[in-house]
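Participant: mind looking at a prediction? Sequence and model below.
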Amino acid sequence: MPAVSAPESPESSAAPARLRELVEHTWRRLYNLVFRMALDRDRAARYVEDAYAAAAAQLADAPADDRGAELWLMKLTHKLLEERLPRQPEVNFDILDETLRSEATRTDVVRSLSDPQRDLLLWELKQGCRTSVINCLSPGERAAFVATHILRMSDDDAAATLDITLSAFKVRLSRARKKVGDYLASRCEHVNPMNPCRCPARVGTALAKGFIKAVPSGGISLRPAGVPYGRYGSGADHDDVPLRDISTIYANLPEPDPPLALRDRLMARIDAGEL
């Protein structure tokens, strides 16, 4: 007589649906966090998949509400990043200066481009440069800065996801703010329009050094419809006004575009029982 398999428990049958719901609710925000920490799109996508794999293995511990589940997932992700990322920054302020500011400026590159290409390259340069600046911080300081100024989390929530005390979090954040502020204050036009480093003049150097990649003719603009980005990256109603304040500059940094295949891959792995 053939063996009869045990019926699937309600908990096990509900797990894939709960995991799909968690992915839908958090995958873009989680990618934003991991990309800022890792400074590499491919590595960020891999780490996001690994974070969801860790979440799937501990799904019974996830809070039922969306906000609680997101904070729980970020805490797991920070633990994974702490294990994967080197303890010392992979780039420092001197390397960043050598990459982008060691050669004479070239405004001819931007002038020779079509509007879509110009928008795309300036967008990529602003994203890459600002993310590179915070990648000069130690991972702990970087995580505190990203949580507060890019993800716009409260101090209490950020400290909880980093699994440290509130006072320790504030110390990390204060150190991170000072280092980023000291670096940008005398260089970046977004802080002060009189500063020497201007994005349009750095595109040629960034292309030559491989900091950003050229786009084919007719490439699309990444500027969201109805949300002007502008020379200073100020957002709607302040298209060409320097923001000056470091906190405001990073708070207005648009989210990176995660690879669309990442969500599909996560859902496929859930359906296949791999997560």
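Facilitator: Perfect, I can see it now.

Participant: where does pLDDT dip in the protein?
Facilitator: Low-confidence segments of the chain (pLDDT under 70): 1-13, 104-119, 213-244.

Participant: need the helices for it, in chain order.
Facilitator: 10-38, 41-57, 66-84, 93-100, 108-111, 115-134, 139-145, 155-162, 166-185, 199-208, 246-251, 260-271 (DSSP state H).

Participant: buried residues in the fourth one?
Facilitator: Buried positions in helix 93-100, judged by neighbour count with 16 or more other Cβ atoms under 10 Å: 93, 96, 99-100. Heads up, the C-betas are built off the backbone N, CA and C, glycines and all.

Participant: over to the last one?
Facilitator: Under the neighbour-count criterion of 16+ other Cβ under 10 Å, helix 260-271 has 262-263, 266-267, 269-270 buried.

Participant: again, but for the second one
Facilitator: For helix 41-57, a neighbour-count test (16+ other Cβ under 10 Å) marks 41, 44-45, 47-52, 54-56 as buried.

Participant: check stretch 24-43 too.
Facilitator: For stretch 24-43, burial by neighbour count (16+ other Cβ under 10 Å) applies to 26-27, 30-39, 41.

Participant: among the buried residues of helix 41-57, which one lies nearest to residue 127?
Facilitator: Distance to residue 127, by Cβ to Cβ, is smallest for residue 41 among those, at 10.4 Å.

Participant: quick one: contacts for the closest one?
Facilitator: 35, 256, 259 (Cβ atoms under 8 Å, 6 or more residues apart in numbering).

Participant: quick one: contacts for residue 39?
Facilitator: Counted by Cβ under 8 Å, 6+ apart, residue 39 has contacts 90-91, 131-132, 135.

Participant: just the buried members of those?
Facilitator: Using 16+ other Cβ under 10 Å, the buried ones in those are 131-132, 135.

Participant: possible to save the residues you listed as JSON lines with distance to residue 180?
Facilitator: Formatted as JSON lines, these follow (distance: Cβ to Cβ, whole Å):
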{"residue": "131", "distance to residue 180": "11"}
{"residue": "132", "distance to residue 180": "11"}
{"residue": "135", "distance to residue 180": "11"}
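
Participant: for the residues you listed, which one is nearest residue 84?
Facilitator: Nearest member of those to residue 84, counting by Cβ to Cβ, is residue 135, at 14.1 Å.

Participant: residues in contact with the closest one?
Facilitator: 36, 39, 89-91, 142.

Participant: how about those residues in CSV, adding distance to residue 195?
Facilitator: Shown next, in CSV, are the contacts of residue 135 (distance: Cβ to Cβ, whole Å):
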residue, distance to residue 195
36, 23
39, 23
89, 23
90, 26
91, 21
142, 23
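
Participant: and of these, the nearest to residue 197?
Facilitator: residue 91 (16.5 Å).

Participant: hmm, back to that, which two of the buried residues of helix 260-271 have the greatest separation?
Facilitator: 262 and 270, at 12.9 Å, using Cβ to Cβ across those.

Participant: re earlier: redo the buried residues of helix 41-57 as JSON lines? Include distance to residue 66.
Facilitator: Formatted as JSON lines, these follow (distance: Cβ to Cβ, whole Å):
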{"residue": "41", "distance to residue 66": "26"}
{"residue": "44", "distance to residue 66": "22"}
{"residue": "45", "distance to residue 66": "23"}
{"residue": "47", "distance to residue 66": "22"}
{"residue": "48", "distance to residue 66": "18"}
{"residue": "49", "distance to residue 66": "21"}
{"residue": "50", "distance to residue 66": "22"}
{"residue": "51", "distance to residue 66": "17"}
{"residue": "52", "distance to residue 66": "16"}
{"residue": "54", "distance to residue 66": "19"}
{"residue": "55", "distance to residue 66": "14"}
{"residue": "56", "distance to residue 66": "17"}
